[in-house]
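[1] Build the 3D model from these lines:
(chains A and B)
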Amino acid sequence: MSPAGWTRRQQLERALAAGALVLVAVWPATGFSSYWTHQILIETFVFGIIASSLIFLSAYGGMVSLAQTALGGIAGIVLGNLATHGGPGGTSKGLHLGWNPTLALVAALVLTTAIGLLGGAVASRSAGIYFLMITLTYSVIATYTLGQVTKISGFSGIGGINRYTPGWIGDVLAHPNRLYYVAFAVTLAVYALIRYIVRTPFGLTLQGIRDEPIRMSSLGYHVPLHRTLAFGFAAFLAALGGVLYAWWSGQVAPGDVDLPQTINLLVMAVIGGLVRIEGAWIGAFVFILMQTYITSNTHIPLLGFGGTLFGGSFNTIVGIIFLLIVLVSPDGLMGIWRRLFETRYLARWKRQAPAAEPAR
Amino acid sequence: MLLAFAVVAFALAYVLFIATIPPLSGGGSWRTTTFGSAVHDPSSFLKIVLDSITFAAALFIVASGFALIFGLMRVVNMAHGSFYLLAGYIAYEIQQAMTGQGFSLQSSDVNTWEWLVPLVVAAPCIAVIGLVTQQAFLRWNQGQELRQALITIAISVIVADQIIAHFPRNVSQGQRFGGNAVDLTWPGWTDRFVNLHVGGVQYSLARLVMLGIGVTVGVGLWLWLYRTKTGMVIRAGVDDEQMTQALGINIQRTFTIAFVVGSALAALGATVWASQSNITSGQDGVWLLNSLVVVIVGGMGSIFGAAAGAILFAFVSNFGASYLPTSGTDCCTQYSSILTFVLIALVLAFRPRGLFGRDA
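    Next up is the predicted model:
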């Protein structure tokens, strides 16, 4: 379809998206702020990828999973165990198998996807709120297991992973821009992959199951199998994010997958909106900006509170923002954006549009 | 099916007959455990059974509140763990204020009132917080399960952060605030061991009192739910909310009662377990997980389910920690949290709604 055939909202969205992509693509070259390049934007890519797996499950499968952070962390731990070397100058924890990093990367993705398929199979006869509860227990169990099993991780986790990246990335600290573009490319690929998957027969069946599981079951579709596969696919996406996180931060510890981190990811997804994939990166970006710039010394001009609210830390503010978003707009920023186009002022534009937008 | 029975049968046989104590020379095989099998070391076995049953009593008190709320209103109260934690700290502050002994409080300095009054004050405090949560945030979202779960997650984030900022207040030495570990103290008369006259086992009276409280709560809940009019309405509401409403029953009032009682049970459980163990920030996640596992295993909306889930979970976690092989330094007791996953997987494979659960 040509741009003329798009609705006004689509035109605006695509123009904004193209602008944002160009800006992000040339950002490191502009040299404005290397802090933004190497911290905020890479972090946005990484957590956006993990959050997109959560939103994929929620928007197209009707399953809200709280296990995505844990799956990402598992991928990071597997990578750390396989790729790092021990001995003098090596990392202190882990198995130090010293595999080829590319091989370790593939193994981490495969193993995490397999764990996802197993966990998905156990939870596959549940959906909605039950699924949320079961996946939350996965997440907590993963945290305890990683914390207790000193052989593979232990409480302090594995460090120094950033020195054992594949040759085409190189040492992350020496070449941070390469990781930036890798994370950017993976982000684009994940987005394209999800958009593709949901248009395949599998994706359409999954959406049918989301809306009418009993009807789909009586039509002969294997409902638990589809849910299991969807969860496995989401585990793969989370593993991609987890591997990038391990390379970027250099270390993975049980503290990266504990309950507060799990909830942080959920907050990102909810801020973006659990209904559209784009929301994952928008939510991650907004969350990371808040996390970075709301400190105990910050004074927000109009609101006035300085970082600490009722003596609490950043988490109190996150909790309150999260609460407000859920109360005001349960479908997050993407929902607010959608409703902007349904107000009276913009109704005129909608009437001029050739056809109603197709349902997602 | 066969595999599941094989796993359970092997676990039983292992604990009863196969396990042996470690040889004096060190080392060991897959049969080596800390205590040896039930046949060889019956008094240790009996102690672990009692530990499991008494822990199950505490689990039941907390989780029955969670199950009551979930069964009736389909609200997954993710703030249940935070309520538990807050109740523990409130009870601790009151006990400290009453005894004025400071941090290292001896059991002999505490009389029965100085244990009961903190309990009697903490429970209504949490009940009021539950009431406010339900009336202000959950009531007008009735039926939107995911949104309610997200709201309670937001509340749990805020409450957990505020606890860290403000508790414990009353510490004679060491750091105030920061959610440091403190413990309540049982009254002095419970601080002794009882000879059970079975296998020469001496067992802590405090833990037996805990068991008694758990049984009392169970019987009380049963009488309330099955022998009173309010209980009848609640059970009707669990089965068919709309029909109950159509019969002219004010279901909103019933919801409020259930939420208040459920929150108060979290406070009761916190007071009991904080006296046995301790209370510290981070335990909100632990007890949320405990409640979730109990309810997932036992089934939603039934006190029998909560009791069965509590007993199974307590046995699996205690026996896992005591009877996994201990050959070498790294194997295998560290893996005990994975057994929780195995328990969930085994139950959900055959009963997707939990042991006593029914299709909603």
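[2] Now do the closest residue to B:Ile257 other than its chain neighbours: how many residues are near it, please.
    Closest residue in space to B:Ile257, ignoring its immediate chain neighbours: B:Thr230 at 6.5 Å, by C-beta to C-beta, 6 or more residues apart in numbering or on different chains. Any C-beta I mention is one placed from the backbone N, CA and C, and that applies to glycine too. The local packing of B:Thr230 (other C-beta atoms under 10 Å in any protein chain shown) involves 14 other residues.
[3] Please, which helix or strand holds B:Thr230?
    Using DSSP states H and E, B:Thr230 sits in helix B:229-239.
[4] Read off the pLDDT value for A:Leu66.
    Per-residue pLDDT puts A:Leu66 at 92.
[5] who touches it in this structure?
    Applying C-beta atoms under 8 Å, 6 or more residues apart in numbering or on different chains to A:Leu66 gives the contacts A:Leu132, A:Thr135, A:Leu136, A:Tyr138, A:Ser139, A:Thr262, A:Leu266.
[6] Doesn't it belong to a strand?
    No. Per DSSP: H, G, I helix; E, B strand; the rest coil, A:Leu66 lies outside any strand segment and is coil.
[7] circling back to that earlier point, helices - which of the contacts of A:Leu66 land there?
    Judged by DSSP state H, these include A:Leu132, A:Thr135, A:Leu136, A:Tyr138, A:Ser139, A:Thr262, A:Leu266 as members of helices.
[8] Look up how far B:Leu221 lies from the residue nearest to B:Ile257.
    As judged by C-beta to C-beta, to the nearest Å, B:Thr230 and B:Leu221 stand 12 Å apart.
[9] my guess is B:Pro187 meets B:Trp115, correct?
    Yes. Contact criterion C-beta atoms under 8 Å: B:Pro187 and B:Trp115 qualify, at 4.5 Å.
[10] residue boundaries of the helices in the stretch 151-300 of chain B?
    Secondary structure of the stretch 151-300 of chain B (DSSP state H, counting those that start in this stretch): helices at B:205-227, B:229-239, B:241-246, B:251-276, B:283-298.
[11] Just say which of these is most tucked in.
    Highest mean neighbour count among these (mean count of other C-beta atoms under 10 Å in any protein chain shown): helix B:283-298, with a mean of 26.
[12] what about that one and chain A, touching?
    Yes. Helix B:283-298 reaches chain A (C-beta under 8 Å from any C-beta of the partner chain) through B:Gly285, B:Leu288, B:Leu289, B:Leu292, B:Val293, B:Val295, B:Ile296.
[13] packing partners for the helix or strand that that helix is followed by?
    Helices and strands here follow DSSP H and E; after helix B:283-298, the next one along the chain is helix B:303-323. Helix B:303-323 is packed against helix B:42-73, helix B:205-227, helix B:283-298, helix B:336-350, with contacts defined by 3 or more C-beta pairs under 8 Å, 6 or more residues apart in numbering or on different chains; DSSP states H and E.
[14] buried sites along helix B:303-323?
    Buried positions in helix B:303-323, judged by neighbour count with 16 or more other C-beta atoms under 10 Å in any protein chain shown: B:303, B:305-323.
[15] got the angle between that helix and helix B:42-73?
    With axes from the mean of the first three to the mean of the last three C-alpha atoms, to 10 degrees as the basis, helix B:303-323 and helix B:42-73 are set at 140 degrees to each other.
[16] What average pLDDT does helix B:303-323 get?
    The average of the pLDDT scores along helix B:303-323 is 88.
[17] Equivalent analysis for stretch B:264-281, please.
    90.
[18] Does that stretch reach chain A?
    No. Judged by C-beta under 8 Å from any C-beta, stretch B:264-281 makes no contact with chain A; its nearest approach is 10.6 Å.
[19] export that stretch as CSV, just CAs?
    Output in CSV follows, covering the C-alpha atoms of stretch B:264-281 (Å, rounded to 0.1, in the frame of the first residue of the first chain):
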residue,chain,number,x,y,z
ALA,B,264,-5.9,-10.4,58.4
LEU,B,265,-4.8,-14.0,57.9
ALA,B,266,-1.6,-12.8,56.2
ALA,B,267,-1.0,-10.7,59.4
LEU,B,268,-1.7,-13.7,61.7
GLY,B,269,0.7,-15.9,59.7
ALA,B,270,3.3,-13.2,59.7
THR,B,271,3.2,-12.9,63.5
VAL,B,272,3.4,-16.7,63.9
TRP,B,273,6.3,-17.3,61.5
ALA,B,274,8.2,-14.2,62.4
SER,B,275,8.3,-15.5,66.0
GLN,B,276,9.7,-18.8,64.8
SER,B,277,12.0,-17.5,62.1
ASN,B,278,12.6,-13.8,61.4
ILE,B,279,11.3,-11.0,59.3
THR,B,280,13.4,-9.0,56.8
SER,B,281,12.9,-7.2,53.5
